[in-house]
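Engineer: dropping the sequence and predicted coords here.
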Amino acid sequence: MAASSYKYLVLGGGNASGYAVNELVERGAGKSEVAVITDEPVVAYERPALSKAYLFPDGPARLPGFHTCVGGGGDKHDKSWYDEKGVDYKTSTKVTGVDASKQTVTTDSGETISYEKLIYALGARPVKLTDFGTKGADLKGIFYLRNVVDADAIVEAIGQAKKKSNKATVIGGGYIGMEVGAGLNKNGMDVTIVFPEKHLMERLFTPEIAQFYEQYYQDKGVTLKSGSLATEFKGKDGVVTTTVLKSGEEIESDIVVVGVGARPNVELLKGQVDLLEDKPGGVKVNGKLQTSNPDIYAVGDVAAFPLQNYGLNKMFRQEHVANCRQSAKHAVAAMFDPSTPDYDYLPYFYSRIFDLGWQFYGTNEDCSHVFFGDASSKKFGTYFVKDGKVVGAFLEGGSNEENAALKKVAQTNPSAPDDLGTQGLEFASKL
Ligand code: NAD
Ligand code: ISD
């Protein structure tokens, strides 16, 4: 790094970091005023690509094609962009400590760097099966997916598996489980997805929604093992060969990919600023994304912020790229202009699997649900209703206009008519 003192120091090089630096530069941060420290070997990129197009057998996404901010409709910032803007970007460097009282950060390369404003964007890390003490979980051939190094290892393993039985086991039926399961299947692998719940994506899908996707996966040749826990992995010569389920059933495969959730990387701020001890955890921030120390902001997956709208009134943390982009932009705006209103985030998720694509806006918490449309035409959805208001909306196969209409439903929370299911998309479109 050119200097060891910066006006703005960004910790982490993920999605939120990329958008924070973009906003700092757009708002006029000068050359050598901004630095980024990340343990990743490359500058920030759009993480969603890793579980989706990165795994495609044909025309896969590869860097530098998806550096931030291309996913948010902005320019692609590769290393030369940071150099040109005078941003000191330190890759392959781990932050080892933060001292809020001295306003300094230490790194594993032995540096001590001081800051005026710190943007903490260290994200989340995959929950590991070794954390639960699952026997054999440290065998080679068991993969997690969070960063481009993980994704490259999986791509390499897919190539190797072709020379063996070409079988893969996926542990977890959430985002990683569904997206990576589809990606492995597209590579011609014989895929089994193992998950403890009754159906896929239980935290969001209703049984009706799940039924459609489960049938789709099965029609593609994917085996689904619901209500199943992996209790042990067996291997040969240190490499995984078998996943043992609680039922005693054994599934053989060349590779195992695990997606059983993520944990926010709060540790470096422990004792320095207030953390949210209760679920969902995270670094506690106010509506300006500012921690209990006014010179430290937290953004992206790691930040727990107050959310008052959309029938929700609580501290909220969202591991999603839309929140990474928006919270990063908002923190920098608030840093430059304290009159910036509080962060107002509409919870949002999307996924793309096979030739399908769904979007969800709002909340499904403590809601009843009303299905609409026709699953056989791959165009259907569900409204989520709380206290007579529509507070969440899900749509498979929507056009841009239809998705925008769904978003408006979740934003405005209209009263739910008795014939909501019959009105279906029409209800959203006429708002
Ligand atoms: P997730 O929370 O979406 O799914 C975790 C799954 O693992 C659930 O089915 C859960 O019940 C299951 N599980 C939990 N403990 C288990 C155990 N011991 N054995 C077997 N299964 C177990 O988390 P994820 O899929 O790992 O994704 C990690 C992070 O990446 C999340 O923050 C997610 O939001 C994000 N992500 C998002 C997208 C998207 O938005 N499209 C895509 C990929 C990843
Ligand atoms: O939309 C997404 C997606 O596909 C991800 O991988 O958000 C995530 C990140 O986990 C959020 O940072």
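Structural biologist: Structure received. Quick caveat: nothing in here was measured; it's all calculated off a predicted structure. Ligands and ions are numbered 1, 2, ... in the order given.

Engineer: who in the chain is up against ligand 1?
Structural biologist: Where proximity means Cβ under 6 Å from any ligand atom, the interface of the chain facing ligand 1 comprises 51, 132, 171-177, 179, 195-197, 229-230, 259-262, 319-320, 349, 351. The way it works is simple: take the backbone N, C-alpha and C, and place the C-beta from them, glycine included.

Engineer: now list the buried members of these.
Structural biologist: In these, burial by neighbour count holds for 51, 171-177, 179, 195-197, 230, 259-260, 262, 319-320, 349, 351, counting by 16 or more other Cβ atoms under 10 Å.

Engineer: just the helices in the protein please.
Structural biologist: In chain order, the chain shows helices spanning 15-26, 48-51, 79-85, 148-161, 175-186, 207-219, 321-336, 400-412, 420-423, 425-429, with DSSP state H as the criterion.

Engineer: with distance to residue 278 and mean pLDDT added, can I get the ones you listed in CSV?
Structural biologist: Listed next are the helices of the chain as CSV, based on distance: least, Cβ to Cβ, whole Å; pLDDT from 0 to 100:
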stretch, distance to residue 278, mean pLDDT
helix 15-26, 22, 98
helix 48-51, 28, 98
helix 79-85, 37, 98
helix 148-161, 29, 98
helix 175-186, 23, 98
helix 207-219, 28, 98
helix 321-336, 19, 98
helix 400-412, 25, 97
helix 420-423, 34, 98
helix 425-429, 34, 96
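
Engineer: most tightly surrounded among those?
Structural biologist: Relative to the other members of these, helix 15-26 carries the highest mean neighbour count by mean count of other Cβ atoms under 10 Å, namely a mean of 27.

Engineer: anything in it near ligand 2?
Structural biologist: Yes: part of helix 15-26 sits near ligand 2 under the criterion Cβ under 6 Å from any ligand atom, namely residue 15.

Engineer: from the middle of its chain, how far away would that helix be?
Structural biologist: In terms of Cα atoms, centre = their mean, to the nearest Å, the centre of helix 15-26 is found 18 Å from the chain centre.

Engineer: what angle do it and helix 321-336 make?
Structural biologist: Angle between the axes of helix 15-26 and helix 321-336 is 40 degrees (criterion: axes from the mean of the first three to the mean of the last three Cα atoms, to 10 degrees).

Engineer: re the thing from before, the helices of the chain: which one's closest to residue 243?
Structural biologist: When the helices of the chain are compared by Cβ to Cβ, helix 175-186 sits nearest residue 243, at 13.4 Å.

Engineer: and the angle for the closest one with helix 148-161?
Structural biologist: With the same axes, to 10 degrees as the basis, helix 175-186 and helix 148-161 are set at 30 degrees to each other.

Engineer: for the stretch 151-300 of the chain, which segments count as strands?
Structural biologist: Assigned by DSSP state E, counting those that start in this stretch, the stretch 151-300 of the chain shows strands spanning 167-171, 190-194, 223-225, 230-236, 239-245, 250-252, 255-258, 262-264, 283-284, 296-298.

Engineer: quick one on the thing from earlier: output the helices of the chain as JSON lines; include the columns distance to residue 124.
Structural biologist: Listed next are those as JSON lines, based on distance: least, Cβ to Cβ, whole Å:
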{"stretch": "helix 15-26", "distance to residue 124": "11"}
{"stretch": "helix 48-51", "distance to residue 124": "14"}
{"stretch": "helix 79-85", "distance to residue 124": "24"}
{"stretch": "helix 148-161", "distance to residue 124": "13"}
{"stretch": "helix 175-186", "distance to residue 124": "12"}
{"stretch": "helix 207-219", "distance to residue 124": "24"}
{"stretch": "helix 321-336", "distance to residue 124": "11"}
{"stretch": "helix 400-412", "distance to residue 124": "24"}
{"stretch": "helix 420-423", "distance to residue 124": "35"}
{"stretch": "helix 425-429", "distance to residue 124": "32"}
